[in-house]
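Visitor: give me a 3D structure for the following:
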Amino acid sequence: MLNYEELENLARLKRLSLVNIEKDYLQELILLSIYSIVSKGLVFKGGTCLYKIYKLNRFSEDLDFSLTEKLDIKKLANKIASDLELLNIKCRIKEIKEYKNEINIRLLLNGPLYKGSRETQCFIPLNISRKEQIILEPKRESIISLYKEIPNFELFSMQEKEILAEKVRAVFTRQKPRDIYDLWFLIVNKKIAPDKNLINKKLALYNTEFNFKEFTRKIEIMRNLWQIDLKNLIIGELQEFDKVKKELYKKFKSAEI
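Guide: The predicted structure is shown next:
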């Protein structure tokens, strides 16, 4: 396990808080453990995938996946815990909850910042969706780690265009400004064009389809949450809400979505 000084140095290098650099380190160890036995059966996606694979400048705390093959979830969780123990990182599986559409694994870890209290434990949730099929072929990607204990490894990630479609769906189904920011990053910075057909396939799970007027209404609702949700997650300067909104709307209109 990394020591405190090593963690501090890496926090400065990656421009993360100490709490977030610890999570980043432990997330990579968990991903290494998972993808040492799993391939396309578990497809990495969501905000942390955008951060680690597609260079999003927003830190993300959850590990999100889509399940595409049958998998023994309890066995996987126990393997993660055992692998972390090899590095003197105590890992408690707080809970495993399996539902029809999703599986939630909650891990409590005694990482480099642990000082003997529950408050200093690191909480990492794993959210596994099993309600839908992956539409686009997952991409084989490499994690080139800065952490000395973590060798380079490969995983399977959702394509950016499909993550974009899921982020549009998230705007319609929950109130988290980070989804707006991630959309803006993909569309404006990464030049990924929104695909109406793909978006509507994702929205079909909620028996709806894309409507631009409703999309703008959902975004405007989150105006007052912008700073609260994002201020501790952005690496660098947080863009103004109105700038992001304006650029997003322009791109959606030009794509005739």
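Visitor: all helices for this structure, in order.
Guide: In the chain, the helices defined using DSSP state H lie at 4-14, 18-34, 46-52, 73-85, 160-173, 177-184, 196-203, 212-221, 226-230, 241-254.
Visitor: so which elements touch the fourth one?
Guide: What that stands for is helix 73-85. Helix 73-85 makes packing contacts with helix 18-34, strand 90-98, strand 102-110 when contacts are defined by 3 or more CB pairs under 8 Å, 6 or more residues apart in numbering; DSSP states H and E. C-betas here are computed from N, CA, C, even on glycine.
Visitor: just to revisit the earlier point, save the helices of the chain as JSON lines, and put in mean pLDDT and mean neighbour count too.
Guide: Formatted as JSON lines, the helices of the chain follow (pLDDT from 0 to 100; neighbours: other CB atoms under 10 Å):
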{"stretch": "helix 4-14", "mean pLDDT": "96", "mean neighbour count": "14"}
{"stretch": "helix 18-34", "mean pLDDT": "98", "mean neighbour count": "22"}
{"stretch": "helix 46-52", "mean pLDDT": "98", "mean neighbour count": "23"}
{"stretch": "helix 73-85", "mean pLDDT": "97", "mean neighbour count": "17"}
{"stretch": "helix 160-173", "mean pLDDT": "98", "mean neighbour count": "22"}
{"stretch": "helix 177-184", "mean pLDDT": "98", "mean neighbour count": "23"}
{"stretch": "helix 196-203", "mean pLDDT": "96", "mean neighbour count": "18"}
{"stretch": "helix 212-221", "mean pLDDT": "97", "mean neighbour count": "14"}
{"stretch": "helix 226-230", "mean pLDDT": "97", "mean neighbour count": "15"}
{"stretch": "helix 241-254", "mean pLDDT": "95", "mean neighbour count": "15"}
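Visitor: out of those, which comes closest to Lys139?
Guide: Of all those, the one in closest proximity to Lys139, counting by CB to CB, is helix 160-173 (8.8 Å).
Visitor: quick one, domains of this structure?
Guide: 4-158, 161-254 (automatic domain parsing).
Visitor: quick check: Tyr249 touching Glu220?
Guide: No. At 10.7 Å, Tyr249 and Glu220 do not qualify as touching, with contact defined as CB atoms under 8 Å.
Visitor: residue contacts, Asn3?
Guide: Applying CB atoms under 8 Å, 6 or more residues apart in numbering, we find Asn3 in contact with Pro112.
Visitor: to Ile143, which of the helices and strands packed on helix 73-85 lies closest?
Guide: Nearest of those to Ile143, taken as CB to CB: helix 18-34 at 6.5 Å.
Visitor: dump the C-alpha coordinates for the closest one into PDB.
Guide: Taking C-alpha atoms only, helix 18-34 is exported to PDB below (Å, rounded to 0.1, in the frame of the first residue of the first chain):
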ATOM      1  CA  LEU A  18      -6.100  13.700  -0.700                       C
ATOM      2  CA  VAL A  19      -9.500  12.100  -0.300                       C
ATOM      3  CA  ASN A  20      -9.900  11.800  -4.000                       C
ATOM      4  CA  ILE A  21      -6.400  10.600  -4.800                       C
ATOM      5  CA  GLU A  22      -6.900   7.800  -2.300                       C
ATOM      6  CA  LYS A  23     -10.200   6.800  -4.000                       C
ATOM      7  CA  ASP A  24      -8.500   7.000  -7.400                       C
ATOM      8  CA  TYR A  25      -5.700   4.700  -6.200                       C
ATOM      9  CA  LEU A  26      -8.200   2.200  -4.700                       C
ATOM     10  CA  GLN A  27     -10.400   2.300  -7.800                       C
ATOM     11  CA  GLU A  28      -7.500   1.300 -10.000                       C
ATOM     12  CA  LEU A  29      -6.700  -1.600  -7.700                       C
ATOM     13  CA  ILE A  30     -10.300  -2.700  -7.800                       C
ATOM     14  CA  LEU A  31     -10.400  -2.500 -11.700                       C
ATOM     15  CA  LEU A  32      -7.100  -4.400 -11.900                       C
ATOM     16  CA  SER A  33      -8.600  -7.200  -9.700                       C
ATOM     17  CA  ILE A  34     -11.800  -7.300 -11.700                       C
END
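Visitor: this completes my enquiry, with thanks.
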